[in-house]
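A.B. asks: Prediction below, plus the sequence it came from.
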2 protein chains.
Amino acid sequence: MANQEEARQAAGFQGSVAVSVTDRAVRWGVCEIVLHGGPAGGNPFTEVALQAEFTLEERSILALGFYDGEGVYRIRFMPDREGRWTFRTSSNEPALHGIEGDFECTAAGGNHGPVRVRNTFHFAYEDGTAYLPIGTTCYAWTHQGDELEEQTLATLKASSFNKIRMCVFPKSYSYNTNEPVYYPYEGSLEKGWDYSRFNPAFFRHLEERIADLGELGIEADLILFHPYDRWGFADMGKEADDRYLRYIVARLSAYRHIWWSLANEYDFMRTKTLADWERFAHIVTSYDPYGHLISNHNGLAFYDFNQPWVTHCSIQRVDAYKTSENTDEWRQRWNKPVVIDECAYEGNVEHGWGNITGEEMVRRFWEGAVRGGYVGHGETYLHPEDKIWWAKGGQLYGTSPERIAFLRCVLEEGPAGGLNPLPSEWDLPRAGIEDEYYLYYFGFNRPSFRQFTMNPDVRYKVELLDTWNMTVERLAGSYQGTFRIDLPGRTYMAVRMTRLPGDKDLEDE
Amino acid sequence: MANQEEARQAAGFQGSVAVSVTDRAVRWGVCEIVLHGGPAGGNPFTEVALQAEFTLEERSILALGFYDGEGVYRIRFMPDREGRWTFRTSSNEPALHGIEGDFECTAAGGNHGPVRVRNTFHFAYEDGTAYLPIGTTCYAWTHQGDELEEQTLATLKASSFNKIRMCVFPKSYSYNTNEPVYYPYEGSLEKGWDYSRFNPAFFRHLEERIADLGELGIEADLILFHPYDRWGFADMGKEADDRYLRYIVARLSAYRHIWWSLANEYDFMRTKTLADWERFAHIVTSYDPYGHLISNHNGLAFYDFNQPWVTHCSIQRVDAYKTSENTDEWRQRWNKPVVIDECAYEGNVEHGWGNITGEEMVRRFWEGAVRGGYVGHGETYLHPEDKIWWAKGGQLYGTSPERIAFLRCVLEEGPAGGLNPLPSEWDLPRAGIEDEYYLYYFGFNRPSFRQFTMNPDVRYKVELLDTWNMTVERLAGSYQGTFRIDLPGRTYMAVRMTRLPGDKDLEDE
């Protein structure tokens, strides 16, 4: 269970079923109703339908329950308001039907709620706090055993990343040859899987890791399907796919920091059609009562982000050379946040998706940022034991993460509503708010100076940012009108201009 | 006159005109007929029409003459066959009409003739020798006075460049504020120019510099119009434009190493229309009897290279990030050689067109080369006296030229018919000839190894090329079938594979 919940109501019986309820849940925390002693015979995964309606005053939310093995059923709920919520279950199983109770939802106590889209292209937590996604990728990190998984968590804790792309299913691919600790279904690779019987241990483990991420303030961008599979989970058939989605949504949607990614590289999953993806989206959005962020990540062809259920564009670069430089075009095309969560990875593996330099990675982050988008990280340095971050987690070896942290600081110091591109000269993209704040990024260009022509009525503080060496140099005095800024003739420089108070206040500066 | 011509026939009189003719011209050299004592009154530039028909056996070529001041008329001719050529002038001026003579054309003596398109996408001299354009840009180098111009020639001589983009007219632009030594017309900036009266000294100087380039084996890609003008030469009006073109074609087309570039950035010349450019092309190609290479260089919008008179695509990058990576698309689009003669310049000036690194310049050269195109160089490092190579020539300071020379060596060692792209994996462009020769370029990707699957019946010599450090490392032994090549995990690497003789001959290797 989510760690932030503490007290539990002692089990009380309603009929033959022992009911325990989170006694006191925080706002946007997980409230869980546990029903012990429900039916365990037959196939509870397929035969028992269970849900509960949670009510606070005029507000009423329906949450799916799920079978967790050994006669235990759970219903999870994320209350989004403080107060005394009541609930009532309904089920085709009489013993589980009509169970009632209540619990107290108290103040969030430090959490900010789920992340939502704000200002069309940006994100904020539900409490209004800005959220700037600084993502990384560890596809199969929850399948590596506790030692490596805990190292991953420690690495994440020390990093600036606040979102992680991760798969539910284990991964079979280059450098990903180990078996997972848990399998999602009963059965085995040799004997086959029973797709009608989930393995609760698998999901409990996943939930623990997701809760661990929550503790670190890291959003879990959870990939529901992916093509890199040797077990069969990429090709279970329609009925099993749909059942799996309902199950995982029932288990996980009460976690405020879940994002749904229908797939990694949906278009590489040859047995699934566009109709399948649309159906998957329908299932997830129908059963997730909280409207978590949801998208579908491409291999070669972007998903149709115009679909109304898509909350943001989840993008893999479609060109080996030009990636985040397209961010503003994509913003215009889809009018949704642009999250380039795969722009290639810093590393030295064989293929072009995984062997760019730290410099190129950081440049892509900045090119995206000054065009109002969000680029994601991943790392693929060869490792003697194949402990490669992008798939397994572990340690980071690259040069980009600390520079990405520097960018995160710059973004956090920027406009509260998010960084939006401004009309720019062809060779110098800029973002900000006219007459208030400008962030210019020079990328691989390295002029020895630049002329700027600004609103002559506004005075600016000007800072030189060396995005690679992570320095901020405030230039003496203030700048106004047309002026020249000397630059060091190095690559990866940025210039930040911030409006200074009017003339009268200048002496205080 | 072109330096390669030596002996001249002593002047003999035909009527009132003293005629001198190059006594012995080499094949593809300049044969010149000089007519002294022609009319000097009125305006010989506009009033006198002069041409000569040159004949060798069944072959007959008409060449325009031109007035060179002080009663001197010249007709230049580039004979393309050995033998005794005869000529006969025709003119509306009786004294210049019907003058006859002959001269001997001997073997080329080391020159290879003009450059032609060969194999659709490549070039060769007329004698069949491959020509691989390795171009640079010094727009206004002939307007800088002898000292700097001679330094430019010395720099070129020491370089690997074999083509130079250069303007006829002087240039007015940032860092280009000096007046030229010569003006093309009678008059002055203050009093205005008489566009009907050329200044022969201007053109003689230009010709001397073009001849100097010829001595160095450097093709002169001569820009006939350009927008960076404060004298009026960019906007002379239709009649003057057309007269200028006829005059310069008459003067220069006998130089075998001339290429015609109708403009630098034609689309930035707002007073000229597409119809003008087509008319210009018609004038140049009509009066140039030798069919020199001709194109039109863009600012923002490519010229329509499908026009039948266009011999090759002369391209300025139209995207700040992606340039020569588009070469193969452009080849397919126009089915002509792709010469990206402006991919941005190595330097540190203010603007993005002139502040890329040497690394990026060299990368662009290679990206173009492995896609079957030709990228051009330029350099724009700030200089205390504004002696910036891209406009004025002088010295080179950058890091790219020696690496470009390295590339030239690699290309010269490559397929004689030119390097053509081969079907490639998305992250590793390659060029060559199937089963014979492959050149792979990794660009900014830096894998630590790569797997190759080749024709199992062919053995290859494999070499690692570090295109930045300019090293070639032959890997021991030979390679066949599927094999792995270890790479240093650095950027800018290439791999070259060359077919080895069959098994029987292998021991000789």
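C.D. replies: Arrived safely.

A.B. asks: what does chain A put close to chain B?
C.D. replies: Contact residues (Cβ under 8 Å from any Cβ of the partner chain) of chain A with chain B: A:319-322, A:325, A:348-353, A:355-357, A:360, A:382, A:426-428, A:444-451, A:489, A:491. Placement of C-beta: from N, CA and C, glycine included.

A.B. asks: among these, which are in helices?
C.D. replies: When DSSP state H defines the helices, the subset of the residues of chain A next to chain B inside them is residue A:360.

A.B. asks: Drop anything exposed from the residues of chain A next to chain B.
C.D. replies: A:320-322, A:325, A:348-353, A:355-357, A:360, A:382, A:427-428, A:444-448, A:450, A:489, A:491 (16 or more other Cβ atoms under 10 Å in any protein chain shown).

A.B. asks: Now, these that are in strands?
C.D. replies: With DSSP state E as the criterion, strands contain A:428, A:450 from among these.

A.B. asks: Can you classify residue A:292 as helix, strand or coil?
C.D. replies: What DSSP: H, G, I helix; E, B strand; the rest coil gives for residue A:292 is coil.

A.B. asks: just checking, it touches residue A:253?
C.D. replies: Yes - in this structure, residue A:292 is within contact of residue A:253 by Cβ atoms under 8 Å, at 6.4 Å.

A.B. asks: Just give me the neighbour total for the closest residue to residue A:470 other than its chain neighbours.
C.D. replies: Once flanking residues are discounted, residue A:470 sits nearest to residue A:406: 4.3 Å by Cβ to Cβ, 6 or more residues apart in numbering or on different chains. The local packing of residue A:406 (other Cβ atoms under 10 Å in any protein chain shown) involves 21 other residues.

A.B. asks: Now for the residue nearest the centre of chain A: which residues touch it?
C.D. replies: In chain A, the residue lying closest to the centroid (Cα atoms, centre = their mean) is residue A:221, at 3.4 Å. Counting by Cβ atoms under 8 Å, 6 or more residues apart in numbering or on different chains, residue A:221 touches A:135, A:163, A:164, A:165, A:166, A:259, A:261, A:314, A:341.

A.B. asks: Bridge partners for the third one, pull those for me.
C.D. replies: Okay, so that is residue A:164. For residue A:164, the beta-bridge partners under DSSP bridges are residue A:136, residue A:220.

A.B. asks: Just want the residue of the stretch 51-200 of chain A that's nearest chain B.
C.D. replies: residue A:174 (10.3 Å; Cβ to the nearest Cβ).

A.B. asks: likewise the stretch 151-300 of chain A?
C.D. replies: residue A:300 (9.0 Å).

A.B. asks: bridging residues for residue A:449?
C.D. replies: Note on residue A:449: beta-bridge partners residue A:486, judged by DSSP bridges.

A.B. asks: and it, what pLDDT?
C.D. replies: The score at residue A:449 is 98. That number is its pLDDT.

A.B. asks: Go ahead and confirm it touches residue A:493.
C.D. replies: No - in this structure residue A:449 lies outside contact range of residue A:493 using Cβ under 8 Å: 11.2 Å.

A.B. asks: what sits in contact with each of the two?
C.D. replies: Joint contacts of residue A:449 and residue A:493 (Cβ under 8 Å, 6+ apart) are residue A:487.

A.B. asks: Pretty sure residue A:318 is one of the things the residue of the stretch 151-300 of chain A closest to chain B touches, is it not?
C.D. replies: Yes - using Cβ under 8 Å, residue A:300 makes contact with residue A:318 at a distance of 6.5 Å.

A.B. asks: higher neighbour count, the two?
C.D. replies: It is residue A:318, of residue A:300 and residue A:318, that has more neighbours when counted by other Cβ under 10 Å, with 14 against 10.

A.B. asks: Residue A:436 against residue A:499, yeah?
C.D. replies: Yes - if you go by Cβ under 8 Å, residue A:436 and residue A:499 touch, sitting 4.9 Å apart.

A.B. asks: of these two, who's got more company?
C.D. replies: For residue A:436 versus residue A:499, the count of surrounding residues by other Cβ under 10 Å is larger for residue A:499: 18 against 13.

A.B. asks: tell me the phi and psi of that one?
C.D. replies: Main-chain dihedrals, residue A:499, degrees, to the nearest 10: phi -60, psi 130.

A.B. asks: ok, now how distant is it from chain B?
C.D. replies: Going from residue A:499 to chain B by Cβ to the nearest Cβ, to the nearest Å gives 24 Å.

A.B. asks: Pull up the per-residue confidence for that residue.
C.D. replies: Residue A:499 is given a pLDDT of 98.

A.B. asks: same check, this time on residue A:315
C.D. replies: The predicted structure scores residue A:315 at 98 on the pLDDT scale.

A.B. asks: Contacts made by stretch A:420-439 with the rest, please.
C.D. replies: In this structure, residues lying in contact with stretch A:420-439 by Cβ under 8 Å, 6+ apart are A:121, A:327-328, A:331, A:367, A:369-372, A:410, A:414-415, A:419, A:440-443, A:445, A:450, A:455, A:458, A:460, A:494-499, B:320, B:351-353.

A.B. asks: got any ranges where chain A has weak pLDDT?
C.D. replies: Within chain A, the set of residues satisfying pLDDT under 70 comprises A:1-11, A:503-509.

A.B. asks: Which positions within stretch A:404-413 qualify as buried?
C.D. replies: Across stretch A:404-413, burial judged by 16+ other Cβ under 10 Å covers A:404, A:405, A:406, A:407, A:408, A:410, A:411.

A.B. asks: For the second one, what are phi and psi?
C.D. replies: Here the main-chain torsion angles of residue A:405 (degrees, to the nearest 10) amount to phi -60, psi -40.

A.B. asks: repeat for the first one
C.D. replies: Dihedral pair for residue A:404: phi -70, psi -40, per degrees, to the nearest 10.

A.B. asks: I figured it hits residue A:377, correct?
C.D. replies: Yes - taking Cβ under 8 Å as the definition, residue A:404 is a contact partner of residue A:377 at 5.9 Å.

A.B. asks: Now the common contact residues for those two.
C.D. replies: Shared contacts of residue A:404 and residue A:377 (Cβ under 8 Å, 6+ apart): A:134, A:161, A:361, A:365.

A.B. asks: mind giving me TSV with these and columns for neighbour count?
C.D. replies: Supplementary listing: these in TSV, determined by neighbours: other Cβ atoms under 10 Å in any protein chain shown:
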residue	neighbour count
A:134	24
A:161	26
A:361	25
A:365	27
